[in-house]
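In: predicted model follows, preceded by the sequence.
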Amino acid sequence: MKQYMLSVHHTEGDAEPTEEAMQAAFRDVDAFNERLQSAGSWVFACGLEGPSTSTVVDGTGNEIVTTDGPFAEAKEHLGGFWVVKAADLDSALALAAAGSKACQAPVEVRPLQGEEG
Amino acid sequence: MPGACRGPPAAGRRRLTPAAGAVDGDAIAQIFREESGRAIASLVRFLGDIDLAEEAVQEAFVEAVRRWPDRGLPPSPAGWIITTAKHRAIDRIRRESSRERRHHAAAMMHDDPTAPPDTGTVADDQLRLIFTCCHPALAPEVRMALTLRLIAGLQTTEVARAFLVSESTMAQRLVRAKHKIRVAKIPYRVPDRDALPARLASVLTVVYLIFNEGHVATTGDELVRAELCAEAIRLARLLDELMPDEPEVMGLLALLLLTDSRRAARTSADGSLVRLADQDRRRWDRWLIDEGQALVRRCLARDEPGPFQIQAAIAAVHSDAPSAEDTDWRQIVLLYDQLLARAPTPVVRLNRAIALAEVDGPDVALAEIERLGEHGQLARYHLFHTARGDMLERVGRRADAVTCYDLALSLVDNDSERRVIEARRTAAADSV
């Protein structure tokens, strides 16, 4: 089985969903997560706090530089992600389609590096 | 080779006829063209890796060039290529030190490389690889390039020439695509029943776009473009062989044959485009028309219409008519109605309106076209403005027609289409 990251991106300026829509999405995501677990596809998943809570640390130079906020240039930010096991890309895409429906946002599918296991 | 577009032998159908006696470089190149697609597909299944498969097949052909001129053709050149490629691949993997590859080689030993390739299996291998090459996770232009390289068996330099890019650009594009197939694990598999209709539509669209690249583009070498049309027809034939129960495959093949039948009449001596209405229909290729029409009749008998079959039926109605005036336009409008029910796009609506002019007159068509214009989706489409100009001319509003042709000229990027519109603009302006 290959592992894939299914990531949910939000774009700056996206309309805020209504409370009702948010609750429905939470319920659907919970149901999707349970489905992943019972099918043995689950590896890990989480949602992230908003980009305003983020801190960037740059240790590439002599001095460690710590800055507030997400990468300055990014118009998009990661809202959350799943890591799933799937036989191939087709299976991963099918999971992503269900995940996207549940969380009501497009999902990017990317293979994880490393040996299959 | 433009000759391949005329029948007989029918377009895109190339037969390997192993001639006893002289085996020169040309004969081997011909076999390469015929067989490398099948050999690559077979080796991809055997090795599970496209790059290794391509290398192995290439090495087998190098071996063929060395041996065949002296020893003559083996009884089954295709089988010989596949078997030799398998041996080369196994040798190569044995030499490699990586544990993963050795493990791979050991796993392959279960598959007897000396057994003659079973034609049924090779066909399945090819079908699987076609679905990989046309996978929706790959960009449309990448799907076309991969299909031409791996299924049609074109060399990278030929694919590059077809798309008017440098060989290194195309090579890079192919490397990136194969990397994605390997790393993201795009499967070699014919999709299951549920997914098949959508995935097959993607495959057919790739073949259709390859044909269009040769049919519509006017930049680049005439020969290369005719060759692309021939390759698309060859691919459609291959699909029809591999999936004989899919009426849409038959519809695509019929559409390509019927469209290609007009090739000789489509351009005038100075290379500019001739509109369907103005074409010398005696120059249409009867062989291709007969074959295309027979396929359309088979589709009709199946009665499972789809977009490609309906477009083929429209082309078949045109191919039946001795002149534009004698065309069964009523039938064509009905067919566009069917097509609209399945593919309600602005371009289909526009084409329906153009046909409607011949049934209900240019006033009705003009009203329809102007309604379409309100949606704005066709505002950047030069053919929308030419069609509107044409209708305006026909209802006597020549000054307005000139404005439309000017708009069309500002949008068209194809030189021979530009010449046609310019001529129409001049004619309309002169009679204002």
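Out: Looks like it came in fine.
In: just name the shakiest helix or strand of chain A by mean pLDDT.
Out: strand A:65-68 (a mean of 85; mean pLDDT, DSSP states H and E).
In: which residues are contacting it?
Out: A:55-58 (Cβ atoms under 8 Å, 6 or more residues apart in numbering or on different chains). Every C-beta, even on glycine, is put in place using the N, C-alpha and C of the backbone.
In: from the residues you listed, which is closest to residue B:257?
Out: Nearest to residue B:257 among the contacts of strand A:65-68 is residue A:56, at 59.7 Å by Cβ to Cβ.
In: so which elements touch whichever strand or helix holds the closest one?
Out: Assessed by DSSP states H and E, residue A:56 sits inside strand A:55-58. Packing partners of strand A:55-58 (3 or more Cβ pairs under 8 Å, 6 or more residues apart in numbering or on different chains; DSSP states H and E): strand A:65-68.
In: list the strands paired with the strand it packs on, with their directions.
Out: strand A:55-58 (antiparallel) (DSSP bridges).
In: next to chain A, which bits of the stretch 51-200 of chain B? Give me the list.
Out: Within reach of chain A by Cβ under 8 Å from any Cβ of the partner chain, the stretch 51-200 of chain B has these residues: B:135, B:137, B:183-187, B:189, B:191, B:195.
In: how about the backbone phi and psi for residue A:81?
Out: Here is the backbone geometry of residue A:81 (degrees, to the nearest 10): phi -160, psi 160.
In: that one contacts residue A:9, correct?
Out: No. Using Cβ atoms under 8 Å, residue A:81 is not in contact with residue A:9; the gap is 9.6 Å.
In: what are the boundaries of the strands in chain A?
Out: A:2-11, A:42-47, A:55-58, A:65-68, A:76-86, A:107-111 (DSSP state E).
In: what about the stretch 301-432 of chain B, any weak spots by pLDDT?
Out: Residues of the stretch 301-432 of chain B meeting the criterion pLDDT under 70: none.
In: relative to strand A:42-47, how tilted is the longest helix seen in chain A?
Out: Criterion DSSP state H: the longest helix present in chain A is helix A:19-39. Put simply, helix A:19-39 runs at 160 degrees to strand A:42-47, going by axes from the mean of the first three to the mean of the last three Cα atoms, to 10 degrees.
In: mind listing what's buried along helix A:19-39?
Out: A:25, A:28-29, A:32, A:36 (16 or more other Cβ atoms under 10 Å in any protein chain shown).
In: same deal with stretch B:259-275?
Out: Quick answer for stretch B:259-275 (16+ other Cβ under 10 Å): B:259-266, B:272-274.
In: and it, end to end?
Out: Stretch B:259-275 has an end-to-end distance of 13 Å (Cα to Cα, to the nearest Å).
In: run through who's touching it.
Out: Against stretch B:259-275 from outside (Cβ under 8 Å, 6+ apart): B:2, B:5, B:11, B:211, B:215, B:218, B:226, B:229, B:233, B:276, B:279-281, B:283-286, B:288-289, B:292, B:315, B:319, B:416-417, B:419-420.
In: what's the answer for stretch B:195-213, then?
Out: Against stretch B:195-213 from outside (Cβ under 8 Å, 6+ apart): A:90, B:130-131, B:133-136, B:140, B:143-144, B:147-148, B:162-163, B:190-191, B:225, B:228-229, B:231-233, B:235-236, B:239, B:243, B:246, B:248-249, B:252, B:255-256, B:259-260, B:308.
In: cool, stretch B:357-365 as well?
Out: So stretch B:357-365 is in contact with B:327, B:329-330, B:332-333, B:353-354, B:356, B:366, B:391, B:394-395, going by Cβ under 8 Å, 6+ apart.
In: list the buried residues in the host helix or strand of residue B:401.
Out: Assessed by DSSP H and E, residue B:401 sits inside helix B:398-411. Buried residues in helix B:398-411, defined by neighbour count with 16+ other Cβ under 10 Å: B:398, B:400-405, B:407-409.
In: so residue B:349 sits against residue B:340, correct?
Out: Yes. Using Cβ under 8 Å, residue B:349 is in contact with residue B:340, at 6.6 Å.
In: so between these two, which is more surrounded?
Out: Set residue B:349 next to residue B:340 and count neighbours by other Cβ atoms under 10 Å in any protein chain shown: residue B:349 wins out with 20 against 15.
In: how many residues are close by residue 75?
Out: Defaulting to chain A. Counted with other Cβ under 10 Å, residue A:75 comes out at 9.
In: was after chain B, sorry
Out: Neighbour number of residue B:75 under other Cβ under 10 Å is 9.
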